[in-house]
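**Student:** Based on what follows, work out the 3D shape:
(chains A and B)
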Amino acid sequence: MMVMQCSEFEIRLCEYLDGTLEAAARQEVEQHATGCPHCAAMQADAQAFGAFLGRVPAIEAPPELVTGILYQTQTAQAKMGRAASRWRRWLGPLLQPRLVMGMAMTILSISMLSRVAGVQVRQLEAADLNPVSIWHGVDNQAHRVWDRGVKFYQNLRFIYEIMGQLRSSDEPEEEQPKEDEAPAERRIEPSPPPEPRR
Amino acid sequence: MASQVEGGAREWEADPDGPLVERCLKGEETAWESLVRLHTRRIYSICYRFVGRNEEAQDLTQEVFLRVFRNLGSFEKGSGCFRVWVTSLTRNLLIDHYRKTKKEKLVDSIEDKLPVLEEVEAAGARPEGRVAGREAGELLQAALAKLSPELREAVILRDIEEMEYREIAEALAVPDGTVKSRISRGRAELARILRQFGVNG
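**Tutor:** Next up is the predicted model:
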């Protein structure tokens, strides 16, 4: 018969005290206890504790505890519900079918236009998210838009100047603009609405 | 495949709280109330035996149920018994609480000893050293407080909550053998402490 170790005795002791061990295993446990005073003491102590525990009444929860728990979970649920409805209130108007459809069409048309215009969309990189580079980008764009506007205005002014001179001289002779603004001139000329005077 | 599904269903049926949990997940408030009523005493008892103070135990029990309420959706059917899941939640909370309050406990321990010492005298004054009822409960509490948390939780779950070894092993996430050996050592240790208090058998 194999000699039982103390560590195994500790484990088997539980089932021994429960009375769920088979006869052979019981005998092994008892045999170990007779030869090992330490384990025998443990067995006696565990049994004594079991007897003591039999005289300890079960604990009853305070009656107000259930009410407290239910109240707390209800407030938690209400809070969760409030948070959800707040999101709904903010996002609600945006998620109406008409608006969503409109947004989808806008995105679609922008993407189509950009493709036709040959705008290259490249993958966003970490460096692009740098505030400095974002600022540079915005600054650059703003300057370009401003410059374009200034140029457009100057061109327009130039054309009106020429037109004014032509009218004042009343000569049918066509004067070519000095600078290479011919295409812009031609585009503007056919539409005379700014000055309907004939 | 079919047999697997059947097996899962059987396991689910084996959990006595299964139907209630399912109704809770559907949003039935009465089901949640029943679930709370069914488990409050047990959870409070574990908490009280572990921390030894009524107020603290009540707060911890409320926290356990708040966590259960928030995480009920993540408790999967067939992944185990609701009772074991709640016990494991409770146990984790208690261990966190133990670690957090360990420093305070060291300071408080002298004050804590005062009522215990009075009890010891009272128990020692009895001729045969036998105590019962409320007094026995208080002595058990004083003895449990001196036990390491590992042994304490094992003894509480087995001897006070009468859980199966397998369930305790699952709740504590340790092997069966470890659970049993902790229970044996915890019981013996408690008996020795109780003897120091003047309690015999």
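
**Student:** Which pLDDT value belongs to residue 54?
**Tutor:** Just so you know, I chose chain A. We have a pLDDT of 89 for residue A:54.

**Student:** looking at chain B here, not the other one
**Tutor:** 90.

**Student:** quick one, what contacts it?
**Tutor:** A:62, B:48 (Cβ atoms under 8 Å, 6 or more residues apart in numbering or on different chains). C-beta here means a position set from N, CA and C on the backbone, and glycine is covered the same way.

**Student:** ok, now how distant is it from residue B:43?
**Tutor:** 14 Å (Cβ to Cβ, to the nearest Å).

**Student:** who's in contact with residue B:45?
**Tutor:** A:58, A:59, A:61, B:160, B:161.

**Student:** Any chance of a PyMOL selection covering the buried ones in the residues you listed?
**Tutor:** The PyMOL command for the buried members of the contacts of residue B:45 (criterion: 16 or more other Cβ atoms under 10 Å in any protein chain shown) is given here:
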select buried, (chain A and resi 59+61) or (chain B and resi 160+161)
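
**Student:** Could I get the contacts of residue B:45 in TSV, plus columns for distance to residue A:100, pLDDT and secondary structure?
**Tutor:** Putting the contacts of residue B:45 into TSV (distance: Cβ to Cβ, whole Å; pLDDT from 0 to 100; DSSP: H, G, I helix; E, B strand; the rest coil) gives the following:
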residue	distance to residue A:100	pLDDT	secondary structure
A:58	60	88	coil
A:59	57	87	coil
A:61	52	89	coil
B:160	58	89	helix
B:161	54	90	coil
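
**Student:** And the most centrally placed residue in chain A, which helix or strand is it part of?
**Tutor:** In chain A, the residue lying closest to the centroid (Cα atoms, centre = their mean) is residue A:87, at 13.9 Å. Here residue A:87, judged by DSSP states H and E, is contained in helix A:64-91.

**Student:** buried sites along that helix?
**Tutor:** For helix A:64-91, by 16+ other Cβ under 10 Å, it's A:65, A:66, A:68, A:69, A:70, A:73.

**Student:** Which strands or helices does the lengthiest helix in chain A pack on?
**Tutor:** Identified as the longest helix of chain A according to DSSP state H is helix A:131-169. On a contact count with 3 or more Cβ pairs under 8 Å, 6 or more residues apart in numbering or on different chains; DSSP states H and E, helix A:131-169 meets helix A:182-188.

**Student:** Could you pull up the mean pLDDT of the helix it packs on?
**Tutor:** Mean predicted confidence for helix A:182-188 is 50.

**Student:** ditto for stretch B:65-74
**Tutor:** According to the model, stretch B:65-74 has a mean pLDDT of 89.

**Student:** List every C-alpha atom in it, with coordinates, as PDB.
**Tutor:** The C-alpha trace of stretch B:65-74 is given here as PDB (Å, rounded to 0.1, in the frame of the first residue of the first chain):
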ATOM      1  CA  PHE B  65     -25.700  43.400  -7.100                       C
ATOM      2  CA  LEU B  66     -24.900  46.500  -9.000                       C
ATOM      3  CA  ARG B  67     -22.200  44.700 -10.800                       C
ATOM      4  CA  VAL B  68     -24.500  41.700 -11.400                       C
ATOM      5  CA  PHE B  69     -27.100  44.100 -12.800                       C
ATOM      6  CA  ARG B  70     -24.600  45.800 -15.200                       C
ATOM      7  CA  ASN B  71     -22.900  42.600 -16.300                       C
ATOM      8  CA  LEU B  72     -25.900  40.300 -16.500                       C
ATOM      9  CA  GLY B  73     -25.700  40.500 -20.300                       C
ATOM     10  CA  SER B  74     -22.100  39.100 -20.200                       C
END
